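J.: Structure for this input, please:
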Amino acid sequence: MKGRPEVRKVQITGGATFMVTLPKGWAERVGLRPGSPLLLAPREGALILVPEGRTGPTRALFRLDLERGGRLSGEALAREIISLYIAGFDIIEVQGERISPEERRVIRETTRALIGPEIVEESATTVVIHNLLDLAEVSAERTFERIYLITRSMFADALKALLERDGELARDVVGRDSEVDRLFLMLSRQLRIALQDPLGEGQLLLFDYHTAAKQLERIADHAVKIAQAGLALELELEGEEAIPAELGEKVRRVGEGVLSLLGGAAEALRELDLARANRVIDEAQEVQEHLLEMEIGGGLLRIEPGPEGGERE
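T.: Numbers count the residues shown, from 1 in each chain. Okay, the predicted model is just below:
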């Protein structure tokens, strides 16, 4: 029996005990013997049977060959390491005939961009990355809360930097974005590992946290764009008022409305509050109407990338 369900009839033995036989092929594949313990886990009207010792994913080691399919380097190497991290591997052993200084730089920078992994061994042909963080000690709820708090502070500070032409604060906002990325990748790892665990509880809620965190990551990216707009204004309008007072007040009101929506949405998810979630959706329409009014009035400030990667009005 592999991949296809089988129907087994329940029998009664001793007049009171329900009994069902296990498929022999499955029992042999998982190494069951007479007397072997089985974990029985009720799950929403179903019953999951798991041989003892097989309750979690077995993804301890992955050997990453740099020569596989052509030389793996640069961004492709970084993506490979990140994908293995998300997949749940605890040890990533990077191997090659000779690992170049550039490849080592990519490995180091990618490892630093992740929460948990550390380089524990290096040689001319091998770099070993170990994950030192036990995710059992970090709840998905705490990870989500951290992403939310950083994103909210980034947006608030980006708005302030734009309106007050505070270049130092704008640069700080840009620097915080990497922490949101690191936390989101860790949450992705938590979700993937939970989905591989047949006894994993709260998988649906973890999926919801991951979905919401993805939106927060996008908001953090927009906060970076707002901060970059502030930096561009600081350069282009030096010695002048950055934004006319009337427009600045409109931008402030919209920004504060977005922050209110963000807080309400996070609270609705925490409390699983359907009524509050609907209120947030309705309020979002009002914020969008304010934005539309600003666009129609021709007063909405737009900042686009300049030809050299800078910004321009």
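
J.: Could you find the closest non-adjacent residue to His210?
T.: Leaving aside its chain neighbours, His210 sits nearest to Leu191 (4.8 Å; criterion: Cβ to Cβ, 6 or more residues apart in numbering). C-beta coordinates here come from the backbone N, C-alpha and C atoms, glycine included.

J.: Give me the secondary structure label for that neighbour.
T.: Look at Leu191: counting by DSSP: H, G, I helix; E, B strand; the rest coil, its state is helix.

J.: How many neighbouring residues does it have?
T.: 21 (other Cβ atoms under 10 Å).

J.: Just give me the neighbour total for Pro5.
T.: By other Cβ under 10 Å, 6 other residues sit near Pro5.

J.: my read is it is in a helix, agree?
T.: No: in this structure, Pro5 is coil, not part of a helix, as judged by three-state DSSP.

J.: Phi first, then psi, for it.
T.: Here is the backbone geometry of Pro5 (degrees, to the nearest 10): phi -70, psi 150.

J.: Distance check, the residue nearest to His210 against Asp221.
T.: 20 Å (Cβ to Cβ, to the nearest Å).

J.: same question, Arg146
T.: With distances defined as Cβ to Cβ, the gap from Arg146 to Asp221 amounts to 17 Å.

J.: Between these two, which has more neighbouring residues?
T.: Between Arg146 and Asp221, counted using other Cβ under 10 Å, Arg146 has the larger neighbour count: 17 against 14.

J.: helix, strand or coil for the more buried one?
T.: Following three-state DSSP, Arg146 is assigned to helix.

J.: Quick check: it vs Asp197, distance?
T.: 23 Å.

J.: what comes up buried for the lengthiest helix in the chain?
T.: Longest helix in the chain, counting residues (DSSP state H): helix 203-236. Buried positions in helix 203-236, judged by neighbour count with 16 or more other Cβ atoms under 10 Å: 206, 209-210, 212-213, 216-217, 219-220, 223-224, 226-234.

J.: Could you tell me the average pLDDT over it, please?
T.: For helix 203-236, the mean pLDDT works out to 90.

J.: Pro42 - nearest residue in space that isn't next to it in sequence?
T.: Ile48 (7.9 Å).

J.: Just the local confidence number for Gly200, please.
T.: So Gly200 comes in at 67 (pLDDT).

J.: okay, now the residue lying closest to Gly74 once chain neighbours are set aside: neighbour count?
T.: For Gly74, ignoring the flanking residues on the chain, the nearest one in space by Cβ to Cβ, 6+ apart is Val106 at 6.4 Å. Val106: 21 surrounding residues under other Cβ under 10 Å.

J.: Report the secondary structure state of Val106.
T.: Val106 - assigned by three-state DSSP - is helix.

J.: For Asp221, give me its contacts.
T.: Asp177 (Cβ atoms under 8 Å, 6 or more residues apart in numbering).

J.: Tell me which residue lies nearest the centroid of this structure.
T.: When Cα atoms, centre = their mean is applied to the chain, the residue found nearest the centroid is Phe184 (2.3 Å).
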